[in-house]
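Asks: Fold the following.
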Amino acid sequence: MNKVTLEIKFLGGTREVGRTALLVKTDNTAILLDYGVMMGRPPGFPMHVARKDLDALLLTHCHLDHSGGLPIFFIQDKLPLYSTGPTLELLQVLIKDFIHLSGYYLPFEYLELRYMMDNSVTVNYGDEYKVGDISFSFVNAGHIPGSAQILLEAEDKRLLFTGDYNSSPTRLLSPAFADYGDLDAMIIETTYANEDHPDRKQLEKEFIEDVNHVVESGGTVLVPAFSIGRSQEIACILAAHHFEHPVAIDGMARKANRIIMDFPAFVQDSQLTMNALHGAVWVEGWRDRRRISKKPGVIISPAGMLQGGPAAFYIARVGKQATNSIFLVSYQIPGTPGHELLETGKCTIDGKLRKTKAQVKHFDFSSHSGARQLKESIGNLSSTPKVFAVHGDEKNCERIAKWTKKKVGFEAFAPKAGDTFTI
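Replies: Predicted structure coming up:
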């Protein structure tokens with residue numbers, strides 16, 4: 001009897017951050033892990049895979065660089081899409097917004113989104129599922145609520161795809177699951193392979209001290225933050241430290257709040273999260289925005305890099321006063337208004353150059369593992385798998401692959417799009 005072999009084809013997200021997609025096959029079954037886009041006009045898609053050649057889709061989490069291309073597989077026929085409850089609910093919000101903003105450039109519309117949701121299968125962490133001769137389970141990734149790492153097994157072959165993951169606890173989430181057992185292959189993200197994140201407790205302490213100083217001096221703190229995960233974490237940090245001043249949450253973060261509150265099992269401390277989100281003012285419209293931008297307090301609002309969202313409005317208001325502050329809590333990609341603001345104190349929003357008198361500061365509340373944690377994840381494995389470094393720039397993917405070969409002694413690769421490996 002022939003042994004089952006697993007074939008892995010990398011369709012995107014290799015030596016780059018964006019359009020993550022992996023095809024895992026046996027002789028009888030083909031499963032697609034994520035199918036994201038590279039944001040832009042037009043968006044960049046991974047390599048094509050024919051719908052008829054697939055048996056199932058598995059999604060690690062809802063961010064568009066992992067999910068944005070999925071509706072293309074629902075133009076006809078049925079195909080199951082497996083993911084956690086929060087991911088599927090948040091996915092619907094993000095894809096709707098994606099179609100609204102970029103529909104002209106997309107090969108799908110709202111109808112395909114509806115078919116996709118109609119064919120979704122909700123999974124629980126730790127439960128085992130099977131498609132053809134491949135079984136799989138989702139385990140916590142610690143990245144955003146509902147995010148998952150995926151463990152796949154075909155006969156005696158076991159593969160782990162970390163997706164985006166964070167092995168450190170945060171106020172919002174428990175750390176990523178790490179008890180993988182024996183593996184034959186590990187596909188690991190490398191977003192921060194070149195740097196470590198600051199100690200979380202110290203970072204929180206500094207953040208709270210600075211926020212209190214500004215607000216108690218009569219100022220307003222604008223916290224541009226990603227809608228899903230970061231906005232709720234900042235609210236939890238403020239609540240955990242018994243912040244006594246007004247906190248407002250705006251934009252798409254409000255929709256994310258509602259979904260996250262519906263899935264209390266997917267956050268670390270459901271009581272803290274509920275208290276934090278219930279205790280905040282949810283901004284309802286322009287009258288609220290104008291009112292809160294004039295009063296001492298904290299405003300949490302997307303977009304995290306100031307590329308749209310209500311934060312663009314607040315920059316014009318809050319940024320005018322030297323007594324106010326803008327605390328960036330998300331990574332700022334070079335070329336974004338947030339990065340420009342951090343570097344120069346000015347940013348271009350809606351074609352207008354905006355100078356700010358407010359203090360601008362960055363706090364590294366990352367939802368990804370840092371370099372030390374990535375290396376620990378590989379070094380602590382109980383087996384000797386092949387390691388594939390993805391979801392990082394070219395240097396970071398190569399950095400982790402070289403470190404793994406030299407320091408741990410495993411076979412390791414920084415694959416390119418189109419590369420295929422057999423396990």
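Asks: show me where pLDDT drops low in this protein?
Replies: 1-2 (pLDDT under 70).
Asks: Need the residue closest to the centroid of it.
Replies: Nearest to the geometric centre of the chain sits H63, at 5.1 Å (Cα atoms, centre = their mean).
Asks: buried residues in the helix or strand where L203 lies?
Replies: For L203, the host element (DSSP states H and E) is helix 200-216. Neighbour-count burial for helix 200-216, with 16 or more other Cβ atoms under 10 Å as criterion, is recorded at R200, L203, E204, F207, I208, D210, V211, N212, V214, V215. All C-beta spots, glycine's among them, are computed from the backbone N, C-alpha and C.
Asks: nearest to G251, of these?
Replies: Taking Cβ to Cβ as the measure, G251 lies nearest V211 of the buried residues of helix 200-216, at 19.5 Å.
Asks: hmm, back to that, how about the contacts made by the residue nearest to the centre of the chain?
Replies: For H63, the contacting residues are G36, L94, I144, D164, I228, by Cβ atoms under 8 Å, 6 or more residues apart in numbering.
Asks: What are the contacting residues of the helix holding L203?
Replies: With Cβ under 8 Å, 6+ apart as the contact definition, helix 200-216 has outside contacts at 168-171, 220-221, 237-238, 240-241, 243, 245, 296-298, 323-325, 327, 329, 359, 361, 363-365.
Asks: roughly how far is that helix from the heart of the chain?
Replies: Chain-centre distance of helix 200-216: 24 Å, with Cα atoms, centre = their mean, to the nearest Å.
Asks: on that earlier part again, can the contacts of H63 go into CSV with extra columns for neighbour count?
Replies: Below are those laid out as CSV (neighbours: other Cβ atoms under 10 Å):
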residue, neighbour count
G36, 29
L94, 19
I144, 27
D164, 26
I228, 28
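Asks: just checking, which of these belong to helices?
Replies: L94 (DSSP state H).
Asks: ok so, going back, if you go by neighbour count, which of the contacts of helix 200-216 are buried?
Replies: 168, 170-171, 220-221, 237-238, 241, 243, 245, 296-298, 323-325, 327, 329, 359, 363-365.
Asks: Helices along this protein, start to end?
Replies: Per DSSP H, the chain carries helices over the ranges 64-67, 85-102, 110-118, 200-216, 230-240, 253-261, 270-279, 286-292, 311-318, 337-344, 371-379, 394-403.
Asks: Quick one: the buried residues of helix 200-216 as CSV, columns for distance to S135 too.
Replies: Below are the buried residues of helix 200-216 laid out as CSV (distance: Cβ to Cβ, whole Å):
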residue, distance to S135
R200, 35
L203, 40
E204, 40
F207, 43
I208, 45
D210, 49
V211, 47
N212, 51
V214, 52
V215, 52
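Asks: which one is Q373 nearest to, not counting chain neighbours?
Replies: In space, and not counting its chain neighbours, Q373 is closest to S167: 4.6 Å by Cβ to Cβ, 6 or more residues apart in numbering.
Asks: how near is the closest residue in space to F365 that isn't next to it in sequence to V298?
Replies: The shortest distance from F365 to any non-neighbouring residue, by Cβ to Cβ, 6+ apart, is to V329 (4.7 Å). In this view, V329 and V298 are 11 Å apart by Cβ to Cβ, to the nearest Å.
Asks: Show me the strands in the stretch 51-200 of the chain, by range?
Replies: Per DSSP state E, counting those that start in this stretch, the stretch 51-200 of the chain has strands spanning 56-58, 81-84, 120-123, 128-131, 134-140, 148-154, 157-161, 185-189. These are given in chain order.
Asks: hang on, F98 packs against L64?
Replies: Yes: using Cβ atoms under 8 Å, F98 makes contact with L64 at a distance of 6.0 Å.
Asks: List every C-alpha atom in stretch 305-314, with coordinates, as CSV.
Replies: Extracted in CSV, the C-alpha atoms of stretch 305-314 (Å, rounded to 0.1, in the frame of the first residue of the first chain):
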residue,chain,number,x,y,z
MET,A,305,-2.6,54.0,9.6
LEU,A,306,-4.9,57.0,8.9
GLN,A,307,-5.8,55.7,5.5
GLY,A,308,-9.5,56.8,5.8
GLY,A,309,-12.1,56.1,8.5
PRO,A,310,-13.2,58.7,11.0
ALA,A,311,-9.6,59.1,12.3
ALA,A,312,-9.0,61.4,9.3
PHE,A,313,-11.6,63.8,10.6
TYR,A,314,-10.2,63.7,14.1
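Asks: So which bits of that stretch are buried?
Replies: For stretch 305-314, burial by neighbour count (16+ other Cβ under 10 Å) applies to M305, L306, Q307, G309, P310, A311, A312, F313, Y314.
Asks: Enumerate every residue touching the third one.
Replies: I take that to be Q307. Going by Cβ under 8 Å, 6+ apart, Q307 touches T336, P337, G338.
Asks: Apply 6 Å and report the result again.
Replies: T336 (Cβ atoms under 6 Å, 6 or more residues apart in numbering).
Asks: What separation do you get for it and K361?
Replies: Applying Cβ to Cβ to Q307 and K361 gives a distance of 19 Å.
Asks: before we move on, what about P246?
Replies: Taken as Cβ to Cβ, the span from P246 to K361 is 20 Å.
Asks: follow-up on the earlier one: how about the contacts made by the residue nearest to Q373?
Replies: P175, A176, S369, Q373.
Asks: Kindly indicate which of the residues you listed lies nearest V131.
Replies: Nearest to V131 out of the contacts of S167 is A176 (Cβ to Cβ; 24.1 Å).
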